[in-house]
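Participant: A predicted structure for the sequence below; I have some questions about it.
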Protein chains: 2
Amino acid sequence: MTSPNPLLEAFNRAEYALGGHGRRNVQMLKNALEAWDGGLDSDVYGSGKLIEDFQNKMAGVLGKEAAVFFPSGTMAQQIALRIWCDRQGVKKVAYHPLCHLEIHEQRGLHELHGIEPVLLGGQDRLITLDDVRALDESISCLLLELPQREIGGQLPDYSELEAISAYCRGRGIALHLDGARLFEVLPYYRKTAAEVCALFDSVYISFYKGIGGIAGAILAGDAGLTEESKIWKRRHGGDLISLYPYILSADYYFEERLPNMKRYYEGARELAGLFHKCKGVTTLPETPVSNMFHVHFGLSKQAVEPLLIGLYEETGLGITHYLRENGENSCYFEVSIGDRYEGIPKDKLASSFSLLNDRLTAAL
Amino acid sequence: MTSPNPLLEAFNRAEYALGGHGRRNVQMLKNALEAWDGGLDSDVYGSGKLIEDFQNKMAGVLGKEAAVFFPSGTMAQQIALRIWCDRQGVKKVAYHPLCHLEIHEQRGLHELHGIEPVLLGGQDRLITLDDVRALDESISCLLLELPQREIGGQLPDYSELEAISAYCRGRGIALHLDGARLFEVLPYYRKTAAEVCALFDSVYISFYKGIGGIAGAILAGDAGLTEESKIWKRRHGGDLISLYPYILSADYYFEERLPNMKRYYEGARELAGLFHKCKGVTTLPETPVSNMFHVHFGLSKQAVEPLLIGLYEETGLGITHYLRENGENSCYFEVSIGDRYEGIPKDKLASSFSLLNDRLTAAL
């Protein structure tokens, strides 16, 4: 019987892995729950000390008036955009062509809310101030994602961000932040979360990317927006009787991993340097600006896959569990640095990348 | 400082309580997780052995082709109704005036799906076959809730249910079951879940009512419906990367409490009998047909509340944590029998109800 996914299986057998915090298994939740007393009362349909305390805490971190916990970012962001559209009376929003709402949500924004997106910028680059200026349609809200995940986690210069924010404020366009990986970009920007969020009217953050929680999201903004978002949360079916499994794990891993963001970022820069020494390999961005980047091979997926499997078996270091085709003679994957990277012995890392370069050189 | 909710606080101080399984606290989840190995891999966006096994198990229990786990019933039911409307090309569904979708979901069905409800039957009684026959509008789907919670958990005769099902099938109307408390009515009907569900085209069940889990729901039906429901689950923001905290606890408490449903039902009948002996107290229904019923006092909330607080303090038995006004000289509450009822010593129960009768007699 041939394996349905030999690369994934070889990756799972490897002792070390470049990216991530570790396996997504039940132990993650058990570990988080150990930090909390069993007698703590559940939140109940969005109320209660447990959820309110965490919402207040995150509002403080993000420098916003109020915050609401959501089971998912998909729900939080659709709702934020819906509220901006209702406030402004225009059912159009602008975002990047590779925005999460455009490619991962089955057109929920349109199907559930009747909102039409205007795609801004190009598939291979960031949205610029010029793109926003050139908009010839009326929109209620502009969504910016920091970092822009699908193009390797790129970031605009902070001054460009400030200029876009000022432009939107001047034109009455609400600015919403898809901050799924907001904490991961703070070391590069050398800003606090609240400083970045001050440029935006509403903000979503996720707890299972760099934070490494189980699931869950926060939407923050003015109190009018967050109160209205609770009504929409109920409508979406997200106002669960108990969200505490996600809240408690979000809080636990937030405290545990927030101080590590600079190390993850530095790890990403170091790792990108190792890839640059390999024949035919490039990274996007060339110098990472967060804990993530994309690795591109100048060879087909069919050529790279067996090469990687052999490498994992020889070295015990897993590079990636998947490859995505990118034209005929190119493939790539995404890597996000988390807790696992520092656990790899430095000599193991060096010898593995030396071997990777040898194999790629032979294959090219 | 006067307490904002003295009845609730007195209830929480009482050693015993009539209804429920126990406090909704973090220990509930810790207990469930102890049954599962930490190395078990998370579900990932609706895929993986953990979620698929449970969905298959519940499809089997409900006698349906397939089942999908949802974070909430609100989400599951809106989606089921949307799919029936899309299939039939009519954006109208019929349900009871006190249906969950009508009174607890902020009109999500209309706001998100553009579906209009036709309210069938009266606020104080069940939907009958005659109501369905008398419908003069075209509808895609009829939703029936078993038991009808907001009127004390009443049930139609099984033969009436069969007749409604046959009528709907004959007219091409999809029949959907709001089975939030389905397992709780099986002892009265003396049917299996699959037998009841066979009368319906789609079924929703909940895991935090009689089952007493943390949250979560199952939607079951034909495989076309469940596959389509996954797309809508993504759109609603319910396709979380990890739903396992709810799935594992649902599975755990399902196994633990399913065998107890007959005892809960018998407890409810016994308890209703105790209330009937109290002056000015009635129950709805008079004889419970599930683990739940409503208790009505022929006195105002203002009169009953201090009387109950005194009773809890004297006897240590909590009757209810809330009262709802029902006209000028009447108030009521809902009770659902769970694990706690059997833990009350029989002499404590008898003496408390004797005292309750004394106090009510004096007050009337």
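Facilitator: Perfect, thanks for sending it. Numbers count the residues shown, from 1 in each chain, chains lettered A, B, ... in the order given.
Participant: the residue in the stretch 51-200 of chain A that chain B sits nearest to: which element?
Facilitator: In the stretch 51-200 of chain A, no residue comes nearer to chain B than residue A:75, which is 2.7 Å away by Cβ to the nearest Cβ. For the C-beta atoms, the positions are set from N, CA and C on the backbone; glycine is no exception. Here residue A:75, judged by DSSP states H and E, is contained in helix A:73-88.
Participant: and the residue in the stretch 151-300 of chain A positioned nearest to chain B, what does it touch?
Facilitator: Using Cβ to the nearest Cβ, residue A:237 is the residue of the stretch 151-300 of chain A that sits closest to chain B, at 2.7 Å. Neighbouring residues of residue A:237 by Cβ atoms under 8 Å, 6 or more residues apart in numbering or on different chains: B:70, B:71, B:72, B:73, B:74, B:75, B:76, B:78, B:105, B:108, B:236, B:238.
Participant: so which residues on the stretch 51-200 of chain A come close to chain B?
Facilitator: Residues of the stretch 51-200 of chain A lying close to chain B by Cβ under 8 Å from any Cβ of the partner chain are A:70-76, A:78, A:104-108, A:111-113.
Participant: of the residues you listed, grab the buried ones for ChimeraX.
Facilitator: Applied in ChimeraX, the following selects the buried portion of those according to 16 or more other Cβ atoms under 10 Å in any protein chain shown:
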select /A:70,71,72,73,74,75,76,78,105,106,108,111,112,113
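Participant: coming back round to it: off-centre distance for the helix holding residue A:75?
Facilitator: Its chain's average C-alpha position is 19 Å from that of helix A:73-88, according to Cα atoms, centre = their mean, to the nearest Å.
Participant: kindly report the same for stretch A:305-315.
Facilitator: Using Cα atoms, centre = their mean, the offset of stretch A:305-315 from its chain centre is 28 Å.
Participant: check stretch A:347-364 too.
Facilitator: 29 Å.
Participant: and the contacts of it?
Facilitator: So stretch A:347-364 is contacted by A:16, A:274-275, A:277-281, A:297-299, A:303-304, A:307, A:310-311, A:314-317, A:319 (Cβ under 8 Å, 6+ apart).
Participant: list the contacts of the residue of the stretch 51-200 of chain A closest to chain B.
Facilitator: Contacts of residue A:75 (Cβ under 8 Å, 6+ apart): A:217, A:233, A:236, A:238, B:236, B:237, B:238.
Participant: tabulate those residues (a markdown table), appending pLDDT and secondary structure.
Facilitator: Shown next, in a markdown table, are these (pLDDT from 0 to 100; DSSP: H, G, I helix; E, B strand; the rest coil):
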| residue | pLDDT | secondary structure |
| --- | --- | --- |
| A:217 | 98 | strand |
| A:233 | 98 | helix |
| A:236 | 98 | helix |
| A:238 | 98 | coil |
| B:236 | 98 | helix |
| B:237 | 98 | coil |
| B:238 | 98 | coil |
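Participant: narrow those to just the buried residues.
Facilitator: Buried members of the contacts of residue A:75, scored by 16+ other Cβ under 10 Å, are A:217, A:233, A:236, A:238, B:236, B:237, B:238.
Participant: from the residues you listed, which two are the most distant?
Facilitator: Distances among the buried ones among the contacts of residue A:75 were taken as Cβ to Cβ; the most separated pair is A:217 and B:236, at 13.9 Å.
Participant: now the helix holding residue A:75: mean pLDDT?
Facilitator: Per-residue pLDDT values across helix A:73-88 average out to 98.
Participant: helix or strand right after it?
Facilitator: strand A:92-95.
Participant: could I get the buried residue list for that next one?
Facilitator: A:92, A:93, A:94, A:95.
Participant: could you spell out the sheet neighbours of that strand, each with its direction?
Facilitator: strand A:116-119 (parallel), strand A:141-145 (parallel) (DSSP bridges).
Participant: mind listing residues that contact that strand?
Facilitator: A:81, A:84-85, A:101-102, A:109, A:115-120, A:132, A:135, A:137-145.
Participant: what is the mean pLDDT for it?
Facilitator: In this model, strand A:92-95 carries a mean pLDDT of 98.
Participant: could you do stretch A:120-135 as well?
Facilitator: Rounded mean pLDDT across stretch A:120-135 is 97.
Participant: for residue A:65, what are its contacts?
Facilitator: Applying Cβ under 8 Å, 6+ apart to residue A:65 gives the contacts A:59, A:221, A:222, A:223, A:226.
Participant: mind doing that once more with 6 Å?
Facilitator: Applying Cβ atoms under 6 Å, 6 or more residues apart in numbering or on different chains, we find residue A:65 in contact with A:222, A:223.
Participant: give me the pLDDT for residue A:327.
Facilitator: On pLDDT, residue A:327 comes in at 88.
Participant: ditto for residue A:208
Facilitator: 96.
Participant: same deal with residue A:3?
Facilitator: 64.
Participant: same check on residue A:140?
Facilitator: On the pLDDT scale, residue A:140 is placed at 98.
Participant: these two touch, right, it and residue A:85?
Facilitator: Yes: between residue A:140 and residue A:85 a contact is recorded at 4.5 Å, counting by Cβ atoms under 6 Å.
Participant: export stretch A:117-137 to PDB, keeping only CA atoms.
Facilitator: What follows is stretch A:117-137, C-alpha atoms only, in PDB (Å, rounded to 0.1, in the frame of the first residue of the first chain):
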ATOM      1  CA  PRO A 117     -15.500  43.500  -2.300                       C
ATOM      2  CA  VAL A 118     -13.300  45.800  -4.300                       C
ATOM      3  CA  LEU A 119     -10.000  44.100  -4.800                       C
ATOM      4  CA  LEU A 120      -7.100  46.500  -4.300                       C
ATOM      5  CA  GLY A 121      -3.500  46.100  -5.400                       C
ATOM      6  CA  GLY A 122      -2.000  43.000  -7.000                       C
ATOM      7  CA  GLN A 123      -1.800  39.400  -6.100                       C
ATOM      8  CA  ASP A 124       2.000  39.600  -5.800                       C
ATOM      9  CA  ARG A 125       2.300  42.900  -3.900                       C
ATOM     10  CA  LEU A 126       1.000  45.000  -1.000                       C
ATOM     11  CA  ILE A 127      -1.800  47.600  -1.200                       C
ATOM     12  CA  THR A 128      -0.200  51.000  -1.500                       C
ATOM     13  CA  LEU A 129      -1.400  54.500  -0.700                       C
ATOM     14  CA  ASP A 130      -1.600  55.100  -4.500                       C
ATOM     15  CA  ASP A 131      -4.000  52.100  -4.800                       C
ATOM     16  CA  VAL A 132      -6.200  53.600  -2.200                       C
ATOM     17  CA  ARG A 133      -6.100  57.100  -3.800                       C
ATOM     18  CA  ALA A 134      -6.900  55.600  -7.200                       C
ATOM     19  CA  LEU A 135     -10.100  54.000  -5.900                       C
ATOM     20  CA  ASP A 136     -12.900  55.300  -8.100                       C
ATOM     21  CA  GLU A 137     -15.800  53.600  -6.200                       C
END
